[in-house]
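Chemist: can't give you the sequence, but here's the structure:
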């Protein structure tokens with residue numbers, strides 16, 4: 001009897017072990033924090049495509065876990081409207097469900113795209129994402145295809161006299177770099193699209209002329225043209241004018257959606273021409289619009305707006321002249337003011353290094369935003385700190401900066417600028433704006449280059465008095 005009972009117990013234990021073993025064998029990873037690994041974060045198609053479609057690109061999905069995983073759904077974000085198709089297990093689709101991958105194993109997805117380059121309404125860049133839903137979390141891999149031919153730059157280094165052709169757009173991966181003695185010209189209508197981490201660098205001894213027009217501005221922006229990303233900042237690194245770069249000017253340039261619009265390191269000083277910005281727009285940067293350190297800048301008719309940091313940051317002194325510019329920061333939440341001015345730079349230990357601010361002049365400008373104080377002033381005593389606001393609408397803290405009040409002449413202080421819609425990049429003046437008819441004609445007449453027309457080509461001198469900022473109220477026409 002005892003032997004029979006023992007046999008029964010042994011038999012039951014064996015069944016339990018087999019059952020547990022089978023369960024373990026079929027166990028799925030259920031960790032909601034688990035992440036799949038991919039062979040690339042972006043699948044790129046960088047050739048001209050016709051209606052017959054592209055060649056295939058392979059994407060490898062890796063399960064690095066110790067148990068198998070079930071990917072509940074794999075979809076194209078744009079669904080059936082996407083020009084892309086994914087192929088899994090031999091079938092082209094825009095959605096696939098329940099793909100199982102064993103522990104420490106992988107699976108392949110093949111991607112194709114079809115674009116008609118003859119369709120004038122087709123966007124320059126087609127983009128989408130493959131979305132993976134696993135254990136309740138979502139991951140994606142970007143898909144990018146150019147619907148027309150383009151010039152592709154992968155960490156290109158430019159030398160000599162270079163003019164970028166304007167017949168096709170330029171797509172930049174990594175850094176497009178102008179070395180010493182390179183004279184780079186970017187003519188009207190040229191479009192530069194920067195991939196994530198991309199930048200334009202002008203090194204010591206190199207020069208840059210950006211010569212856009214009202215009808216054909218020069219565009220610097222992200223290569224991600226999907227609707228979702230059109231208003232996102234931080235998609236590329238920006239333009240870096242290094243110490244010793246020279247003879248740099250931007251006319252009708254539009255710089256958007258980067259980390260820093262223009263970083264100007266000690267450029268335009270000594271015998272070099274100042275950095276000149278005329279009729280430019282720098283908008284929607286993750287950090288700064290202009291980040292200037294001991295530089296010399298002349299800016300006229302420019303809109304510099306909506307940055308996560310200051311729209312203009314002046315550090316360690318220098319020499320600056322801004323006329324009929326709109327410097328405004330309407331960014332989510334409180335934080336940095338629109339304008340920062342200092343005559344020193346501080347290192348990581350807190351030590352301050354002085355730099356003379358020989359001039360920082362703002363005439364007929366608007367310095368505004370969604371905070372009561374949009375100017376921050378940091379003076380190191382004993383070092384030149386010379387600035388002036390002349391005929392400006394400016395939001396500043398009169399109590400904190402009382403000693404600087406003589407530096408604000410003929411200004412409208414702490415009034416709402418009343419832009420039409422600053423959150424959608426419409427910085428033209430609303431009918432009730434106090435900036436209308438508040439500008440000085442004397443400042444306009446004394447300015448070089450000529451700013452008798454605003455950034456959009458509207459006359460400042462024909463109808464009534466001129467307005468503050470980069471835009472004349474259109475109703476006057």
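Modeler: Cool, got the structure. All values reported here derive from a predicted model rather than from experimental measurement. Numbering: from 1, shown residues only.
Chemist: pull up the distance across stretch 266-281, start to finish.
Modeler: End-to-end span of stretch 266-281 (CA to CA, to the nearest Å): 22 Å.
Chemist: roughly how far out does that stretch sit from the chain middle?
Modeler: Going by CA atoms, centre = their mean, to the nearest Å, the spacing between the C-alpha centre of stretch 266-281 and its chain's C-alpha centre is 22 Å.
Chemist: cool, and stretch 29-45?
Modeler: In this view, stretch 29-45 has its centroid 25 Å away from the chain centroid, taken as CA atoms, centre = their mean.
Chemist: stretch 275-285 now?
Modeler: Distance of stretch 275-285 from its chain centroid, counting by CA atoms, centre = their mean, is 13 Å.
Chemist: again with stretch 228-238
Modeler: So, by CA atoms, centre = their mean, the centroid of stretch 228-238 is 4 Å from its chain's centroid.
Chemist: run through who's touching it.
Modeler: 194-200, 221-224, 255, 257-263, 284-287, 307-308 (CB atoms under 8 Å, 6 or more residues apart in numbering). Using the backbone N, CA and C atoms, a C-beta is placed for each residue, glycine as well.
Chemist: apply 6 Å and report the result again.
Modeler: The contact list for stretch 228-238, computed with CB atoms under 6 Å, 6 or more residues apart in numbering, reads 194, 198-199, 222, 224, 257-261, 284-286.
Chemist: which one of those residues sits closest to residue 136?
Modeler: Lowest distance from residue 136 to those (CB to CB) belongs to residue 224, with 26.7 Å.
Chemist: where does the chain have low pLDDT?
Modeler: For the chain, the stretches with pLDDT under 70 are 1-26, 46-55, 115-124, 146-149, 226-227, 333-334, 476-477.
Chemist: all helices for it, in order.
Modeler: Along the chain, the segments classed as helices by DSSP state H run 2-26, 441-445.
Chemist: tell me which residues of the last one are tucked away?
Modeler: What that stands for is helix 441-445. Buried residues in helix 441-445, defined by neighbour count with 16 or more other CB atoms under 10 Å: 443-444.
Chemist: how far is it from where the chain is centred?
Modeler: 34 Å.
Chemist: repeat for stretch 83-97
Modeler: Taking CA atoms, centre = their mean, the mean C-alpha location of stretch 83-97 is offset from the chain mean by 32 Å.
Chemist: of the contacts of stretch 228-238, buried ones?
Modeler: Buried among the contacts of stretch 228-238 (16+ other CB under 10 Å): 194, 198-199, 222, 224, 257-261, 284-286.
Chemist: which of the residues you listed fall within strands?
Modeler: Of the buried ones among the contacts of stretch 228-238, the ones assigned to strands by DSSP state E are 194, 199, 222, 260-261.
Chemist: which one of the residues you listed is nearest to residue 139?
Modeler: Using CB to CB, those come closest to residue 139 at residue 222, 21.1 Å.
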